[in-house]
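sequence isn't available, so here's the structure alone:
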């Protein structure tokens, strides 16, 4: 399970966090929440045969 969490955070940082400036911790938390929703419900994953995690 650890490698999945590491992969998630790598993706979150490269695709979202490093690309934005946050005016507050609250804004960062809200963006991470949005990214989690995107990652699980909209983003296709190569390791899942280009399926979304919620569909596997």
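In hand now; what should we look at? Note that the structure is predicted; figures quoted are calculated from it, not measured.

next, count neighbours for residue 38.
If you count neighbours by other CB atoms under 10 Å, residue 38 ends up with 14. All C-beta spots, glycine's among them, are computed from the backbone N, C-alpha and C.

where's it relative to residue 56, distance?
According to CB to CB, to the nearest Å, residue 38 and residue 56 sit 16 Å apart.

for the protein, what spans make up the strands?
For the chain, strands defined by DSSP state E do not occur.

select the longest helix from it.
Looking across the chain with DSSP state H, the single longest helix is helix 25-41.

could I get the average pLDDT for that one?
Helix 25-41 carries an average pLDDT of 95.

what's the offset of that helix from the middle of its chain?
7 Å (CA atoms, centre = their mean, to the nearest Å).

other SSEs contacting it?
Applying 3 or more CB pairs under 8 Å, 6 or more residues apart in numbering; DSSP states H and E, we find helix 25-41 packed against helix 2-15.
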